[in-house]
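Sequence isn't available, so here's the structure alone:
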């Protein structure tokens, strides 16, 4: 007889099924109640929502829990710790336009918040600095011809995707750009060149080109330039 379990004991059901190498079934009845079983249910009362191999379901849930843990850690890092401590300097008003200030001055203003977000998203600070140096030369007021904005030159769609309400706010901008770069590295198996190409041309352009750097002069030059800044920083230059 199949074991029917409510959602609160789904995890136990999955582990039980996994130990027996069984399948897990999800059913929904007419009232919207959800049931998980280790064998098919019969009768018109139940509608099959999905069937999963137990080992696959265990793997999926472990991945979800791991991602949830990472995200909770990141949220905690935004409201306390290094990011919160670094934000006031990054947001402090300055006299004159940002573009008129030396690059070294602009970098010094944002260095702590950039380094803090690098830690939050598991990136090397040198990499995040190399991207920002290439994108905007640390000019948080920068706008490209294509409409990209701020330190990490976020396009409006990317900003919205990562919850950035004001791309000219350097703290928000670096958070969104760092999160996007982290996702690109994960998407492309930690291949830095492909992640950088995706940051410049969009991940879909990389995928359409067979997971290769797209044959766009701008993108190819961009990847080279970021890597040059990165290698220079690591060499102490």
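Sure thing, it's come through. Nothing here was measured: the structure is a model prediction, and the numbers come from that model. Numbers count the residues shown, from 1 in each chain.

Residue 149 and residue 164, how far apart?
Per CB to CB, to the nearest Å, residue 149 is found 9 Å from residue 164. Placement of C-beta: from N, CA and C, glycine included.

Could you do residue 172 as well?
As judged by CB to CB, residue 172 and residue 164 stand 5 Å apart.

and if you look at residue 216?
Residue 216 sits 25 Å away from residue 164, going by CB to CB.

Tell me which of those two has more neighbours.
Using other CB atoms under 10 Å as the criterion, residue 216 and residue 164 rank with residue 164 on top: 25 against 14.

Ignoring the adjacent residues along the chain, who's closest to that one?
With CB to CB, 6 or more residues apart in numbering as the criterion, residue 164 has its nearest non-adjacent residue at 3.9 Å, and that residue is residue 176.

Could you list the low-pLDDT ranges of this protein?
By pLDDT under 70, the low-scoring segments of the chain are 1-22, 54-98, 100, 237.

And the helices in it?
10-19, 54-79, 82-91, 103-120, 125-135, 156-161, 170-187, 192-201, 203-208, 217-234 (DSSP state H).

so how far is stretch 222-233 from its chain's centroid?
21 Å (CA atoms, centre = their mean, to the nearest Å).

what's it in contact with?
Residues from elsewhere that reach stretch 222-233 (CB atoms under 8 Å, 6 or more residues apart in numbering): 126-127, 129-131, 133-134, 192-193, 196-197, 200, 213.

Return the set of buried residues in it.
If you call a residue buried by 16 or more other CB atoms under 10 Å, then stretch 222-233 has these buried ones: 222, 223, 225, 226, 227, 229, 230, 233.
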